[in-house]
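> can't give you the sequence, but here's the structure:
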């Protein structure tokens, strides 16, 4: 009776989870990596600078079968993620216990890292599938080598090789685990196993060939450039982050399962325990010397996949109240992670998050930017070249506009994410304005894609490439959480000797989110290279409310920018204004700036939240 009940719970839960993933996949704005994989899918190849080819192939398959759109891009990944829990159920039922199998399936559906897998078109879905296939094959081989098990191993190894460089960890750990067991060493003597391994090794061929033809650019990025390979203490955060993502009680269940099963007489249990523990511990150790700037919290997922079939044996021995608490915390974690994706799909939620560290900039504003680009291009000649500041903008606009040929400028982000070599191979990187051949251009610059302290320097780099930067339109997404500057270059426009840049400004007071009432002093500074600033107008919810007194001396900022800024007003670049809020009803407002340059340009600066309190 219990098996029927757990099976029913699993099936109902699976339907709900898949339905939720489909709903999120239809609404969640395209993540920048997904957009670049879409771009790769428009130029099918065996391998690319950042990844093997399978992710791009699946995206192309989805769009060919189901048309252009978010769901079409993501549908193959949702389907793959929906298959993984069933494979874990089958593995657990065959090797251990049919009752425990449905518990494993429910854990897999609700585990936050797996419960959100597939809602984005990322290689982790295929990597998870390849891992489970290899684990399944490994447990079968321990009971005796068969052609079926060897074929399954070959399929898993090939899919993993075509999914991501990180699959190397799964291969290494799997071989160590097999070699640690007598039945595993016996299996490794069978030629059928080595034929399967050879088939899997051959699947790395396209990636190795790409690297040999391109100065090992992909390998250097993944293995050398992105990692400091120097000891740092940030690695301790791994345990906290993983316990939070897996949920603390399930993390404890998996850790206990690995510890208890490592010396079990059952070879399958020992094999899974060894694989899971070695992967998780290995990534924990790597965290002390590896990259901490990019997202890496999902890397240990293959280890959890290995341990899930063992988790039920630990969980069943716990008191009922602790079991209930474990399931409740797991459901809460699942809802929290998927709730995040639901939240970032909402423009209203994103707007409220602009002043927070977790503002989801990589999901924000692409449709709004695409609409602005369409409007500006409508007034430009048909042969206008669209140029993006970096790969993020180029890929996202490419998807939104259906144009995979957008030129991209050299940018630190392109190199930071390993995309620069691929853009150069495609001939999409624009290194000089002369390459436009005198054609008009619309350049889209991501003002928030560099640190604020580096923004002026970025503008000056663009000056060296393009000449004077004529601001045509500023797109402030989510009140400026994402900020784009559109620069229009007309046909055969001669580069100016002195380069005018867009505005760089800052509101010093009040602080973002400050609670104020009555009369409020607004102060800050603004610069515009070569042209200078004519006036600053303070806005509230987009409407002008005060003209600031501009031209005050700011020795600190002036000293900091000395030699860097070419604003003729230096160091008299500060402003101050008084806002009378006595007639404003209490609530949330957005404080902004409208800056007029001496060249006649008008730019809206990013807004920040301001809470008006009732007068005392």
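Perfect, I can see it now. Just so it is clear, the model here is predicted, and its values are computed rather than measured.

> For burial, what's the neighbour tally of the nearest residue to residue 39 once chain neighbours are set aside?
Sequence neighbours aside, residue 395 is the residue nearest to residue 39 in space, at 4.7 Å (criterion: CB to CB, 6 or more residues apart in numbering). (C-beta placed from N, C-alpha, C; glycine too.) The tally of other residues near residue 395 (other CB atoms under 10 Å) stands at 27.

> Could you pull up phi and psi at residue 593?
When read as degrees, to the nearest 10, the backbone of residue 593 gives phi -130, psi 140.

> ok, now the one 10 residues further on?
Per-residue torsions, residue 603: phi -130, psi 130 (degrees, to the nearest 10).

> isn't it right up against residue 597?
Yes - between residue 603 and residue 597 there is a contact under CB atoms under 8 Å: 7.4 Å.

> anything in contact with each of these two?
The contact sets of residue 603 and residue 597 overlap at residue 503 (CB atoms under 8 Å, 6 or more residues apart in numbering).

> returning to that earlier point: in terms of helix, strand or coil, where does the residue nearest to residue 39 fall?
Secondary structure assignment for residue 395 (DSSP: H, G, I helix; E, B strand; the rest coil): helix.

> So it is in contact with residue 31, correct?
No - contact criterion CB under 8 Å: residue 395 and residue 31 do not qualify, at 10.1 Å.

> about what we covered before: the residue nearest to residue 39: what's it in contact with?
32, 35, 36, 38, 39.

> any chance of these in TSV, with distance to residue 456, neighbour count and pLDDT too?
Listed next are the contacts of residue 395 as TSV, based on distance: CB to CB, whole Å; neighbours: other CB atoms under 10 Å; pLDDT from 0 to 100:
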residue	distance to residue 456	neighbour count	pLDDT
32	24	21	93
35	28	26	96
36	28	27	96
38	33	24	97
39	30	27	97
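
> Restricted to helices, list those.
Among the contacts of residue 395, the members found in helices (DSSP state H) are 32, 35, 36, 38, 39.

> Stretch 27-36: how far from the chain's middle?
Stretch 27-36 sits 8 Å away from the centroid of its parent chain (CA atoms, centre = their mean, to the nearest Å).

> residues of that stretch that come out buried?
28, 29, 30, 31, 32, 33, 34, 35, 36 (16 or more other CB atoms under 10 Å).

> OK, contacts around the first one?
Right, the one you point to is residue 28. Applying CB under 8 Å, 6+ apart, the residues contacting residue 28 are 70, 119, 120, 341, 344, 345, 363.

> Quickly name whichever of the residues you listed is closest to residue 518.
residue 344 (35.9 Å; CB to CB).

> what does the model give the residue nearest to that closest one when sequence neighbours are not counted for pLDDT?
Leaving out its chain neighbours, the residue that sits closest to residue 344 by CB to CB, 6+ apart is residue 360, at 4.2 Å. Residue 360 is assigned 85 on the pLDDT scale.

> So, low pLDDT: which residues of the stretch 401-550 of the chain?
Low-confidence regions of the stretch 401-550 of the chain, defined here as pLDDT under 70, cover residues 492-497.

> in it, which spans are helices?
For the stretch 401-550 of the chain, applying DSSP state H, counting those that start in this stretch gives helices covering 412-416, 420-426, 455-466.

> name the helices or strands packed onto the longest one?
In other words, helix 455-466. Counting by 3 or more CB pairs under 8 Å, 6 or more residues apart in numbering; DSSP states H and E, the packing neighbours recorded for helix 455-466 are strand 441-446, strand 504-509.

> right, and these - which one's nearest residue 381?
Per CB to CB, nearest to residue 381 of those: strand 441-446, 10.3 Å.

> Show residues contacting the closest one.
By CB under 8 Å, 6+ apart, strand 441-446 touches 369, 373, 376-377, 380, 384-390, 392-393, 397, 409, 433, 458-459, 462, 466, 469, 472, 482-489, 502.

> Sitting in strands, which of the residues you listed do you find?
Judged by DSSP state E, the subset of these located in strands is 385-388, 409, 472, 482-489.

> hang on, the earlier thing: as a markdown table, the helices and strands packed on helix 455-466 with distance to residue 47 would be great.
Below are those laid out as a markdown table (distance: least, CB to CB, whole Å):
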| stretch | distance to residue 47 |
| --- | --- |
| strand 441-446 | 28 |
| strand 504-509 | 40 |
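
> just checking, residue 146 touches residue 152?
No - assessed by CB under 8 Å, residue 146 is found out of contact with residue 152, at 9.3 Å.

> So between the two, which is more surrounded?
residue 152 (19 against 14).

> ok, that one to residue 139 distance?
10 Å (CB to CB, to the nearest Å).

> hmm, back to that, now, of the helices and strands packed on helix 455-466, which is deepest in the fold?
strand 441-446 (a mean of 23; mean count of other CB atoms under 10 Å).

> Check the offset of that strand from the chain's centre.
23 Å.

> list the contacts for the nearest residue to residue 584 once chain neighbours are set aside?
Nearest residue to residue 584, sequence neighbours excluded (CB to CB, 6+ apart): residue 612, at 5.1 Å. Going by CB under 8 Å, 6+ apart, residue 612 touches 516, 517, 581, 584, 585, 586, 587, 588, 589.

> Could you count how many residues lie near the last one?
Counted by other CB under 10 Å, the residues lying close to residue 589 total 21.

> Helix or strand for it, just tell me which one.
strand 587-597 (DSSP states H and E).

> show me what contacts the residue nearest to residue 147 when sequence neighbours are not counted?
Excluding the flanking residues, the one nearest residue 147 by CB to CB, 6+ apart is residue 192, at 6.6 Å. If a contact means CB under 8 Å, 6+ apart, then residue 192 has 145, 147, 150 as its contacts.

> right, and the first one touches residue 191 too?
Right, residue 145. No - between residue 145 and residue 191 there is no contact under CB under 8 Å: 9.2 Å.

> With neighbour numbers in mind, choose between these two.
Between residue 145 and residue 191, counted using other CB under 10 Å, residue 145 has the larger neighbour count: 21 against 10.

> That one sits in which helix or strand?
Per DSSP H and E, there is no helix or strand for residue 145.
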